[in-house]
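J.: dropping a prediction and its sequence here:
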Amino acid sequence: DTAVSQTPKYLVTQMGNDKSIKCEQNLGHDTMYWYKQDSKKFLKIMFSYNNKELIINETVPNRFSPKSPDKAHLNLHINSLELGDSAVYFCASSQERGYTIYFGEGSWLTVV
Amino acid sequence: EDQVTQSPEALRLQEGESSSLNCSYTVSGLRGLFWYRQDPGKGPEFLFTLYSAGEEKEKERLKATLTKKESFLHITAPKPEDSATYLCAVSGNTGFQKLVFGTGTRLLVSP
């Protein structure tokens, strides 16, 4: 059983399109995240949700909108995709007061 | 601003050749220092959490140590399957939910 699963794994799309990445965790955690890993492999937090409530928003462009329908799901919608959005996006989860963040396998987004 | 610097960027070892990876950090009120392993095409896999200076943790051939300014990941008698990128991250006063990562050390262990 995959603990943190995200779809799609690979996504190639044109500039200006809108796309979504979905994430689900079956660990019973109450906090979920989106991280972005750029071409230099630098991993940086984008958003964090706790019990469906946004708690961290790290100066991400408004074109990125996370949505958490329930504690087990956190989706990332991206409007008007730009070339610079090409990266690997990782979903992750943890307990609110837990010390370990568990990552999904990543979604490779390529904007052409 | 919290910051993590890892060295070296890349490390090539022969099987059985022990070595250490370094993680230097500056953080406002350390809550935890984390080590992750990342294989190509995969997400980071949790290895260790260290909370205070002097703490050590071990797992198979890996041992993580922590001082007030840096952490080391010691690899004893590595095997080719230990080849991966090792990521260090810290969380500070903003809470455990926000990890600040270093850029990682790419380790290649040759048979």
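T.: Now that the structure is in, tell me what you want to look at. All of these numbers come straight from a predicted model, not from anything done at the bench.
J.: the closest residue to residue B:105 other than its chain neighbours: what's it in contact with?
T.: In this structure, residue B:105 finds its nearest non-sequential neighbour in residue B:21, 4.6 Å apart by C-beta to C-beta, 6 or more residues apart in numbering or on different chains. To be clear about C-beta, it is placed using only N, CA and C from the backbone, and glycine gets the same treatment. Applying C-beta atoms under 8 Å, 6 or more residues apart in numbering or on different chains to residue B:21 gives the contacts B:6-8, B:11, B:72-73, B:75, B:86, B:88, B:105, B:107.
J.: hmm, who's touching the lowest-mean-pLDDT helix or strand in chain B?
T.: Scoring the helices and strands of chain B by mean pLDDT, DSSP states H and E places strand B:100-101 at the bottom, with a mean of 92. With contacts defined as C-beta under 8 Å, 6+ apart, strand B:100-101 is touched by A:42-45, B:2-4, B:27, B:87-92.
J.: again, 7 Å this time
T.: A:42-43, B:2-4, B:87, B:89-90 (C-beta atoms under 7 Å, 6 or more residues apart in numbering or on different chains).
J.: show me what counts as buried in the helix or strand just after that strand.
T.: Toward the C-terminal end, the helix or strand that comes next after strand B:100-101 (DSSP states H and E) is strand B:105-110. Under the neighbour-count criterion of 16 or more other C-beta atoms under 10 Å in any protein chain shown, strand B:105-110 has B:105-107, B:109 buried.
J.: list the neighbouring strands of strand B:105-110 plus their orientation.
T.: strand B:10-14 (parallel), strand B:84-91 (antiparallel) (DSSP bridges).
J.: ranking those by burial, who's on top?
T.: For the strands paired with strand B:105-110, ranked by mean neighbour count under the definition mean count of other C-beta atoms under 10 Å in any protein chain shown, the leader is strand B:84-91 at a mean of 24.
J.: could I have that strand exported to PDB, CA atoms only?
T.: Taking Å, rounded to 0.1, in the frame of the first residue of the first chain, the C-alpha atoms of strand B:84-91 are listed here in PDB:
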ATOM      1  CA  ALA B  84      21.600   7.900  -3.600                       C
ATOM      2  CA  THR B  85      21.300  11.600  -2.800                       C
ATOM      3  CA  TYR B  86      21.200  12.300   0.900                       C
ATOM      4  CA  LEU B  87      19.200  15.300   1.900                       C
ATOM      5  CA  CYS B  88      19.500  17.200   5.200                       C
ATOM      6  CA  ALA B  89      16.700  19.500   6.400                       C
ATOM      7  CA  VAL B  90      15.900  21.600   9.500                       C
ATOM      8  CA  SER B  91      12.800  22.900  11.200                       C
END
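J.: I appreciate the help and will end here.
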